[in-house]
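J.: predicted model and sequence follow; I will ask about them next.
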Amino acid sequence: MNTFEIKYLGNLRTAATHLDSGSVINTDAPKDNHGLGAAFSPTDMVCSALASCILTIMAIAVEKNGTNIKGTNAMVKKTMGNNPRRIAKIDIKLTFPMDYDEKTKLILERAAHNCPVHHTLSNEVEKNIHFIYS
């Protein structure tokens, strides 16, 4: 079980500490919601968590076959909705450093849609994942 401590620093900023490692992530309210946008917003972190989880689960899925996806890049675009204010859509473009055989592509794409964060997010959040093989 992981444990985190989040402190409100004032001025719409927080610091989240991962207690096992001491790693700290700061967040800031976005410019369109009274903040300075000087760091990731909490909703940015949710979208980043999805992309990071996808990359990690894909790597695990193909590693046992000797495939390495090091250098794969995820570009993430977040679209906010209103009433209530929430993440409405997450677009992720995954660009791989090379092309893979059809079996490996199928494993990668299934893994991307089955990561824990993807399953955690509500079905009301539109999640679009695009795969680009070089």
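T.: Alright, I've got the coordinates. Fair warning: this is a prediction, and the values are worked out from it, not measured in the lab.

J.: what packs against the longest helix anywhere in the chain?
T.: What stands out as the longest helix in the chain, according to DSSP state H, is helix 42-63. Here helix 42-63 touches strand 24-28, strand 73-81, strand 86-96, helix 102-112, helix 116-120, going by 3 or more Cβ pairs under 8 Å, 6 or more residues apart in numbering; DSSP states H and E. The C-beta positions use only the backbone N, C-alpha and C, and glycine is treated the same way.

J.: mind running it again at 6 Å?
T.: Applying 3 or more Cβ pairs under 6 Å, 6 or more residues apart in numbering; DSSP states H and E, one finds that helix 42-63 makes contact with strand 73-81, strand 86-96, helix 102-112, helix 116-120.

J.: and the contacts of the first one?
T.: What that stands for is strand 73-81. With contact meaning Cβ atoms under 6 Å, 6 or more residues apart in numbering, strand 73-81 is reached by 47, 51, 55, 88, 89, 90, 91, 92, 93, 94, 95.

J.: so what strands line up beside that strand?
T.: strand 86-96 (antiparallel) (DSSP bridges).

J.: for the strand it pairs with, give the mean pLDDT please.
T.: Strand 86-96 shows an average pLDDT of 98 in the prediction.

J.: can you tell me what sits against that strand?
T.: 43, 47, 50-51, 72-79, 81, 125-133.

J.: go again with 7 Å.
T.: 43, 46-47, 50-51, 54, 69, 72-81, 125-134 (Cβ atoms under 7 Å, 6 or more residues apart in numbering).

J.: circling back: top of the contacts of strand 73-81 by number of neighbours, please.
T.: Neighbour count (other Cβ atoms under 10 Å) singles out residue 47 as the most crowded of these, with 25 neighbours.

J.: now do the contacts for that one.
T.: 76, 78, 87, 90.

J.: mind checking which of these are buried?
T.: 76, 78, 87, 90 (16 or more other Cβ atoms under 10 Å).

J.: quick check: the gap between the closest residue to residue 111 other than its chain neighbours and residue 109.
T.: Leaving aside its sequence neighbours, residue 111 sits nearest to residue 61 (Cβ to Cβ, 6 or more residues apart in numbering; 3.9 Å). Separation of residue 61 from residue 109 (Cβ to Cβ, to the nearest Å): 10 Å.
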